[in-house]
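Asks: Whatever this is, show me its structure:
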Amino acid sequence: MKNERQPPGSAAAPSLRTATLMALVLSSAVLLHGQGAAPFQDDFPADEFVARRNQVFDAIGLQAVALIQGAPGVDGFKVFRQSNEFYYLSGLESPHAYLVLDGRTRRTTLYLSHRNEALERSTGTVWSAEDHAEVKRLTGVDEVAPVELLSRQTFNAMLRAPRPALYVPFSPAEGEAQSRDELLAHQAGVAADPWDGRPSREAHFLRLLDERFPSLERRNLTPILDTLRKTKSPREIALIRQASVLAGLGLLEAMKSTRPGVFEYQVAAAARFTFLANAARFDGYNPIAGGGTNAWMGHYSRNLDRLKAGDLVLVDYAPDLRYYTSDVTRIWPVNGTFTDAQRTLVTFILEYRAAFFRHIAPGVTPEEVLVLARRDMEPVLARTQFARPGHRKAAEDMLTFRGHLQHPVGMTVHDPGTIWGQPFREGMVFTVDPMMWIPDEKLYVRMEDTIVITKSGMENFTASLASTPQEIEAVMKQEGLLTRVARLP
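Replies: Residues are numbered from 1 along each chain as shown. I've put the predicted structure just below:
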């Protein structure tokens, strides 16, 4: 899958590509735990969580304590998913858990609920305070205690002089298919509703801390965690690579299942089935499957319309594979064949993508890459014969837009932080997303890939996913899942 410098059209044939992608994902499928045992992740050793917590200790200093609240329990026997922040520091998937990092002693304590045997008869075993020895071994924490001791052991001790500062994440906790920007926008909508206005769980937690321990100085842990998450470890990169490979498998299946008359949500469902079949139980984000002018809406997610012959359909979708995701987009013709005008637009975008890939490397800034890629595209623009003047104008405008180098990717599709204003460095993961708007046709064309900065260049995680018109048309000639699904009479 390495693609340090891969131009458009140089990928393997779709049939070989599909087999290779499937083999990569299946070879890395999550290991199953023994029946009756509480599950625990096997992607990261305890040492990696210890190293992450040590970085937090280094950041908060000797006179501070960090407190991270885990995700609450779920209602109605839904599948529990831990918050990203808590999982990043512990790997533990138990609801109503709390993690305390005491900078004064550099010791970590996990506070867990007691075993609920009645509930576990329905849901299965959950790690609890009674499992303290095994939880310590799996997570590398120093102590495991019942949650009711949190106040006595942590807060009461903090009230004695000299009082340490208390670091708590101020930003909303990220859950399934959630990025911080989306969570903040949702909270703003709730706050603006005169008949709602309820605080978020995080805001309520901060309010309780202020009410119960008003003398403690609170500080924001979020920027510290954001800094740690910006550079991915080799094991994190391996997971994002797998999530990207699986996203590619899903989009290939979506291409095969696309026909005039099919609903947008059915195209997304073909990808979703592929994710589930490969051990990804959650979505990385809500799918975008916009046919025709629906794609003009950047984050269209209603996905209710029928696809029409002659239109393009844009699909942007990736799984949550064991707490890591990707961000992948492809656009293809509903009837399986690009028109000459569509082919020209897609080819131009792929040329621009190749120009970005040629110049992305450690030590180079995004701003420098933009300048170099635009320079490379000037002769391409001059020689391209667009079908309409509006298409050429859109291509010219495209070369002045800086958003083609997008956002970090990791535990969320829009991971915290930015790639701008700094040189690329090894371990940074982000999207390259050349995009074009044609206003008079309400046409939005783009191809998005997730890449990582390597020691000597970059790797495109989705290099083997069909992207050229020829590759996409070849894929769409194959039978798709939707043709084999049983239908209601």
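
Asks: just the strands in the stretch 301-450 of the chain please.
Replies: Using DSSP state E, counting those that start in this stretch, the strands found in the stretch 301-450 of the chain span residues 312-316, 319-320, 329-333, 405-408, 429-432, 435-438, 443-446, 449-453.

Asks: just those: most buried one?
Replies: strand 319-320 (a mean of 27; mean count of other Cβ atoms under 10 Å). (C-beta placed from N, C-alpha, C; glycine too.)

Asks: any idea how far that strand is from the chain center?
Replies: Mean-position distance between strand 319-320 and its chain equals 7 Å (Cα atoms, centre = their mean, to the nearest Å).

Asks: which helices and strands sit right next to it?
Replies: helix 234-257, strand 282-283 (3 or more Cβ pairs under 8 Å, 6 or more residues apart in numbering; DSSP states H and E).

Asks: Out of the ones you listed, the one nearest Ala309 is which?
Replies: helix 234-257 (15.4 Å; Cβ to Cβ).

Asks: what angle do that closest one and strand 312-316 make?
Replies: Here helix 234-257 points in a direction 150 degrees away from that of strand 312-316 (axes from the mean of the first three to the mean of the last three Cα atoms, to 10 degrees).

Asks: Pull out the buried residues from helix 234-257.
Replies: Using 16 or more other Cβ atoms under 10 Å as the test for burial, helix 234-257 gives 236-237, 239-257.

Asks: my guess is Phe424 meets Thr365, correct?
Replies: Yes: here Phe424 reaches Thr365: they are 7.2 Å apart, a contact under Cβ atoms under 8 Å.

Asks: neighbour-wise, which of these two wins?
Replies: Shown here are Phe424 and Thr365; by other Cβ atoms under 10 Å, Phe424 has more neighbours (22 against 14).

Asks: Find the nearest non-adjacent residue to Pro333, please.
Replies: Nearest residue to Pro333, sequence neighbours excluded (Cβ to Cβ, 6 or more residues apart in numbering): Leu312, at 5.9 Å.

Asks: so where is the stretch 151-300 of the chain shaky, pLDDT-wise?
Replies: Applying pLDDT under 70 to the stretch 151-300 of the chain flags no residue at all.

Asks: mind running it again at 90?
Replies: 152-163, 212-216 (pLDDT under 90).

Asks: What ranges does it have for its helices?
Replies: For the stretch 151-300 of the chain, applying DSSP state H, counting those that start in this stretch gives helices covering 156-158, 180-192, 201-212, 222-230, 234-257, 264-277.

Asks: does Gly73 count as helix, strand or coil?
Replies: Recorded secondary structure, Gly73: coil (DSSP: H, G, I helix; E, B strand; the rest coil).

Asks: Enumerate every residue touching it.
Replies: 80, 95-96 (Cβ atoms under 8 Å, 6 or more residues apart in numbering).

Asks: Tell me the pLDDT of it.
Replies: pLDDT recorded at Gly73 is 93.

Asks: and the gap between it and Thr123?
Replies: According to Cβ to Cβ, to the nearest Å, Gly73 stands 10 Å off from Thr123.

Asks: and of the helices and strands packed on strand 319-320, who's closest to Pro379?
Replies: Of all these, helix 234-257 comes closest under Cβ to Cβ, at 30.8 Å.

Asks: counting contacts, what elements does that closest one pack onto?
Replies: helix 14-27, helix 264-277, strand 319-320, strand 329-333, strand 449-453, helix 469-476.

Asks: Serialize these to JSON lines and add fields for distance to Ala192.
Replies: As requested, those are exported to JSON lines (distance: least, Cβ to Cβ, whole Å):
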{"stretch": "helix 14-27", "distance to Ala192": "42"}
{"stretch": "helix 264-277", "distance to Ala192": "30"}
{"stretch": "strand 319-320", "distance to Ala192": "29"}
{"stretch": "strand 329-333", "distance to Ala192": "31"}
{"stretch": "strand 449-453", "distance to Ala192": "34"}
{"stretch": "helix 469-476", "distance to Ala192": "43"}
